[in-house]
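S.K.: what would the 3D arrangement of this be:
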Amino acid sequence: MPTEYDCNTHIQCQLFTPTFPASNSTPASYPAVLSLTSKQKLIQLPSGSELPMITPPHSMIQTLLLPHQKTGLAFFWDQEIPNGQSAHTLWATSSTGSTFNSRHIITNKVITALESLLTNTPLGGLLADDMGLGKTIQAIALIGTYKEKLITNPHCSRPTMIICPLP
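M.R.: Below is the predicted model:
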């Protein structure tokens, strides 16, 4: 649950923390895969609310962002960086062998499955907030933040797309 977000600000909703097991749920069909330790691992995974807040450069964006919008901007900024903080919420990377003969491994933190690391972490994300929470200003702030970085590092180009419905 976000630490800086007040749910009463927008729609008078109440947030709750899920518990395991739910009172009227059936047990998992794969108890060996989803053991009690796995459930605890799942609960301890980092969430987007643990990201820092980013304030876009004032020269680009003069609108003041709300705390949840700054956290959303931090999430998207992090998604565009290979091996960023939010890129490994479900996966941990490790290497085996020597410097010249090494193997890169990805381990799922919940079910401890192993897979070979073939490519970089996929980049991108989906912004799906409720209407009126500032999705457009977050996207514009991301573009403005990139533009500021391009001034100091012209090879830092990252594509950004905004899709708008027709009137």
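S.K.: do you know how far the residue lying closest to residue 66 once chain neighbours are set aside is from residue 67?
M.R.: Excluding the flanking residues, the one nearest residue 66 by Cβ to Cβ, 6 or more residues apart in numbering is residue 134, at 6.6 Å. (Glycine included, C-beta is placed from N, CA and C.) Residue 134 is 11 Å from residue 67, where distance means Cβ to Cβ, to the nearest Å.
S.K.: more crowded one of those two?
M.R.: residue 134 (18 against 14; other Cβ atoms under 10 Å).
S.K.: any idea how far that one is from residue 152?
M.R.: Residue 134 is 27 Å from residue 152, by Cβ to Cβ.
S.K.: now swap in residue 66 and tell me
M.R.: 27 Å.
S.K.: could you do residue 59 as well?
M.R.: Residue 59 is 13 Å from residue 152, by Cβ to Cβ.
S.K.: between the two, point out the one with more neighbours.
M.R.: Between residue 59 and residue 152, counted using other Cβ under 10 Å, residue 59 has the larger neighbour count: 10 against 7.
S.K.: how about the residue lying closest to the more buried one once chain neighbours are set aside, phi and psi?
M.R.: Closest residue in space to residue 59, ignoring its immediate chain neighbours: residue 148 at 7.1 Å, by Cβ to Cβ, 6+ apart. Main-chain torsions, residue 148, degrees, to the nearest 10: phi -60, psi -40.
S.K.: show me what contacts residue 148?
M.R.: When contacts are counted by Cβ atoms under 8 Å, 6 or more residues apart in numbering, residue 148 touches 56-57, 59-60.
S.K.: likewise residue 137?
M.R.: 61, 63, 65, 69.
S.K.: ok so it is a helix residue?
M.R.: Yes: per DSSP: H, G, I helix; E, B strand; the rest coil, residue 137 lies within a helix segment.
S.K.: how close does it get to residue 153?
M.R.: 24 Å.
S.K.: just residue 78 next, same as before
M.R.: For residue 78, the distance to residue 153 - Cβ to Cβ - is 17 Å.
S.K.: all set, thanks.
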